[in-house]
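Q: 3D, please:
(chains A and B)
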Amino acid sequence: MIADRVRLVVIAVLTITAVTVVYLRLGDGALSRLPQGWYRRLVPWLFIAPAILVVGLVLVFPAISTVILSFFNFDGTAFLGLNNYTSTLSDPVTQIALRNTTLWVILLPSLSVLVGLAIAVLADRVAYGGLVKAALFLPIAISAVAAGVIWTFMYDYQPPIADQTGTLNAIVTTVSGNHPIAWIIDEATNNYALIGATLWTQAGFAMVILAAALRAIPDELLEAARLDGASEWGVFRHITFPFLVPTIAVVMTTMTVVALKAFDIVYVMTNGRYGTDVLSTVMYRELFTAKDNGVAGAVATILMLLVVPVMAFNLRQFQHESRKV
Amino acid sequence: MPSRRRMRLRRLPVHVVVIGVSAIWLVPLLGLFVSSFRPAPAVLSTGWWHSFALPGDYTLNNYSQVLERDGMLLSLFNSVAIVVPATLLTVSVSAAAAYALACMQFKFRSGLLLAIVALLVVPTQITMVPLLRVFNHFGLTGTFLGLWIVHVGYGISFAIYLLHNFFAAVPRELFEAAEMDGASKSQIFFSIVLPICRPALASLAIFEFVWTWNDLFTALIFLGGFPDVAPMTVAVSGLVASRGNGWEILTSAAVLSTVVPMIVFLAMQKHFVRGMLAGVSKG
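A: Numbering: from 1, shown residues only, chains lettered A, B, ... in the order given. This is a model prediction of the structure:
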């Protein structure tokens, strides 16, 4: 089996490379026989066609079908109108998921900006700044599955009489002498616990982007303000921060999408139990446990609608930027 | 002297914040790593920090146990078989498209660019129900080919966006000179654009590699019921879900699943950062 996999990789790599070269070379050669005007007009489509084909097949066409399916019953044989929407929106499970997704969308972007900005600004002021940046950066390469294992272990709960093996509860019990907290099961803490674990994997991203924007601020500007007697906080508030606002917006929108799409970490840590469902886990269960394509489609469509404002913002930003260039 | 001391005191909050954040980010990693080498009874009864008091009480047993499990070692190779072709496909398809979008003039060019930007944020969840139906119909569910296609489709709008930003920065004179000499578009693409933009392609490849390697949701949906082809993320999450696995097993499995993307990431982090900045902070 393992040898099969290795062989598959080698064959796939060779085939993909060969097909790419042959397709572009031959296609280009065939088009160049045409009159010059036609060549110029058609050759871009030769390069773009594969991408359009894949995007159409995998994203656009299925997305449209999902919206259509969401108006039909579980196997798409009877039209239900908005029934799937009304039934799923009145289902307490979906309501909890909507509440939690809202919590994710509020907390994850703001906390990642907060942590990322704090470290981006402060790391340059201490001798060991590189270490901190590396620490924040490392989890970017860690899967949500591994992060889920790591944080389930951090949040581990043992009965009060036993030795606490979870790091957080060991701290809670020794420092404050309180009873250990069942972080992942207790509904007062578990959603924050999951968001915290995701923050741990994402804050490095925010930090890198913000640190780069920070470096782009002209030094003379900061120096001039300091010479004028502005305090460090004043410099930050009146110069650094306004400069960073566009970058913060970029990080916020990216993190909002991450929060809306959240699935892996919830699936691994609680699988939506104890009131931690998000829209993705509800959709997953409708699809595979309830096998109801209509309701699953409705949940996915609701998720898509929630993303539309972010999309509109990105588009406006993009048009703004390209006009500047 | 006192003034310097006051300066130090005023900087105390900075140190507290920075050290505190570092601790929150490093301690979980340390705990994972240490626990993965501790014998099962020890992991079960005491916190991982206790092992520092009795050094020498470490074992590789957990790792050999994880690797002996059904399908664990295979899942490592499944991950490779998913990630490497998917990454290469994404890079080649998106490089060709980004070249046309960045360096050629044609009708609908700006419309296509806008569509790419719009697709950047589309939640992949919206595509899964119909896609799964089509895949079932064509027998693509549970095959690597199916998952490659899905990963290319999900990754490509970001890929084109990222490469477009890099390609657009290549000086036009380079192409124009080559065109004067009679080079065709595909010749320019293969012998000028790709070599010049090798760092950009590397950034993209690392992104796609790490993301695809770490993906659970897509693999779960499109390979779900087929253990033969399950990648590491699915195998590890299966270990978590099937109760009764001790922390020593889960932690070493998690470390194993992280080794490959971590090596790629650390070896190429310069490219990764460059790609992140080009992909996100510029328009």
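Q: list the contacts for B:Val21?
A: A:115, A:118-119, A:132, A:135-136 (Cβ atoms under 8 Å, 6 or more residues apart in numbering or on different chains). In short, each C-beta sits where N, CA and C put it, glycine included.
Q: Break the chain down into its domains, please.
A: Unless you meant another one, I'm taking chain A. As assigned by automatic domain parsing, chain A contains the domains A:2-69, A:83-324.
Q: try again with chain B
A: If you go by automatic domain parsing, chain B breaks into B:2-62, B:69-171+B:200-280.
Q: so can I have TSV of those showing mean pLDDT?
A: Conversion of the domains of chain B to TSV gives the following (pLDDT from 0 to 100):
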stretch	mean pLDDT
domain B:2-62	79
domain B:69-171+B:200-280	87
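Q: Out of those domains, which is the most enclosed?
A: domain B:69-171+B:200-280 (a mean of 21; mean count of other Cβ atoms under 10 Å in any protein chain shown).
Q: how far does it sit from the chain's center?
A: 7 Å (Cα atoms, centre = their mean, to the nearest Å).
Q: just stretch A:39-56 next, same as before
A: 29 Å.
Q: Then stretch A:96-109?
A: Worked out by Cα atoms, centre = their mean, stretch A:96-109 lies 13 Å from the chain centre.
Q: Which strand or helix spans B:Ile206?
A: Following DSSP states H and E, one finds B:Ile206 within helix B:198-214.
Q: is chain A contacted by that helix?
A: Yes - contact of helix B:198-214 with chain A (Cβ under 8 Å from any Cβ of the partner chain) involves B:210, B:213-214.
Q: Let me see the ranges of the strands in chain A.
A: For chain A, no strands are identified by DSSP state E.
Q: which secondary element of it has the worst mean pLDDT?
A: Here the helix or strand of chain A ranked lowest by mean pLDDT, DSSP states H and E is helix A:167-171, holding a mean of 81.
Q: contacting residues around it?
A: With Cβ under 8 Å, 6+ apart, helix A:167-171 has contacts from A:153-158, A:164, A:180-181, A:183, B:27-28, B:31, B:47-49.
Q: Please apply the same query to stretch A:306-319.
A: For stretch A:306-319, the surrounding residues in contact (Cβ under 8 Å, 6+ apart) are A:101, A:105, A:249-250, A:253, A:256-257, A:260, A:279, B:113-114, B:117-118, B:120-123, B:283.
Q: go with 6 Å
A: Residues outside stretch A:306-319 that contact it (Cβ atoms under 6 Å, 6 or more residues apart in numbering or on different chains) are A:253, A:256-257, A:260, B:117-118, B:121, B:123, B:283.
Q: go on, stretch B:66-76?
A: Under Cβ under 6 Å, 6+ apart, the answer for stretch B:66-76 is A:1, B:227, B:230-232, B:235, B:249, B:252-253.
Q: Relative to the whole chain's centre, how far out is it?
A: Its chain's C-alpha centre and that of stretch B:66-76 lie 21 Å apart, by Cα atoms, centre = their mean.
Q: Report the backbone C-alpha coordinates of it in PDB.
A: Output of stretch B:66-76 as PDB, limited to C-alpha atoms (Å, rounded to 0.1, in the frame of the first residue of the first chain):
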ATOM      1  CA  VAL B  66       0.900   4.900  17.200                       C
ATOM      2  CA  LEU B  67       2.700   3.700  14.100                       C
ATOM      3  CA  GLU B  68       1.700   0.100  14.700                       C
ATOM      4  CA  ARG B  69      -1.900   1.100  14.700                       C
ATOM      5  CA  ASP B  70      -4.000   0.100  11.800                       C
ATOM      6  CA  GLY B  71      -3.500   2.500   9.000                       C
ATOM      7  CA  MET B  72      -1.500   5.200  10.900                       C
ATOM      8  CA  LEU B  73       1.700   4.800   8.900                       C
ATOM      9  CA  LEU B  74      -0.400   4.400   5.800                       C
ATOM     10  CA  SER B  75      -2.300   7.600   6.600                       C
ATOM     11  CA  LEU B  76       1.000   9.500   6.600                       C
END
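Q: quick one: low-confidence ranges for the stretch 51-200 of chain A?
A: Residue ranges of the stretch 51-200 of chain A with pLDDT under 70: none are present.
Q: can you give me the helices for the stretch 51-200 of chain B?
A: Secondary structure of the stretch 51-200 of chain B by DSSP state H, counting those that start in this stretch: the helices cover B:61-68, B:72-103, B:109-119, B:125-138, B:144-167, B:172-180, B:185-188, B:194-196, B:198-214.
Q: May I see those organised as a markdown table, with distance to A:Asn190 added?
A: Listed next are these as a markdown table, based on distance: least, Cβ to Cβ, whole Å:
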| stretch | distance to A:Asn190 |
| --- | --- |
| helix B:61-68 | 28 |
| helix B:72-103 | 29 |
| helix B:109-119 | 33 |
| helix B:125-138 | 22 |
| helix B:144-167 | 29 |
| helix B:172-180 | 55 |
| helix B:185-188 | 55 |
| helix B:194-196 | 49 |
| helix B:198-214 | 23 |
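Q: these two touch, right, A:Val54 and B:Val152?
A: Yes - if you go by Cβ atoms under 6 Å, A:Val54 and B:Val152 touch, sitting 5.2 Å apart.
Q: which residues touch the most centrally placed residue in chain B?
A: The geometric centre of chain B, computed from its C-alpha atoms, lies nearest to B:Val210 (Cα atoms, centre = their mean), at 1.8 Å. By Cβ under 6 Å, 6+ apart, the contact list for B:Val210 reads A:141, B:261, B:265.
Q: for the residue lying closest to it once chain neighbours are set aside, phi and psi?
A: If the residues on either side of it in the chain are set aside, B:Val210 comes closest to B:Pro261, at 4.8 Å by Cβ to Cβ, 6 or more residues apart in numbering or on different chains. Note on B:Pro261: its backbone torsions stand at phi -60, psi -30 [degrees, to the nearest 10].
Q: contacting residues for B:Pro261?
A: B:Pro261 neighbours (Cβ under 6 Å, 6+ apart): A:141, B:210, B:213.
Q: Check B:Ala178 too.
A: Here B:Ala178 is in contact with B:188, B:192 (Cβ under 6 Å, 6+ apart).
Q: go again using 10 Å as the cut-off
A: B:Ala178 is in contact with B:184-185, B:187-188, B:191-193, counting by Cβ atoms under 10 Å, 6 or more residues apart in numbering or on different chains.
Q: That concludes my questions; thank you for your assistance.
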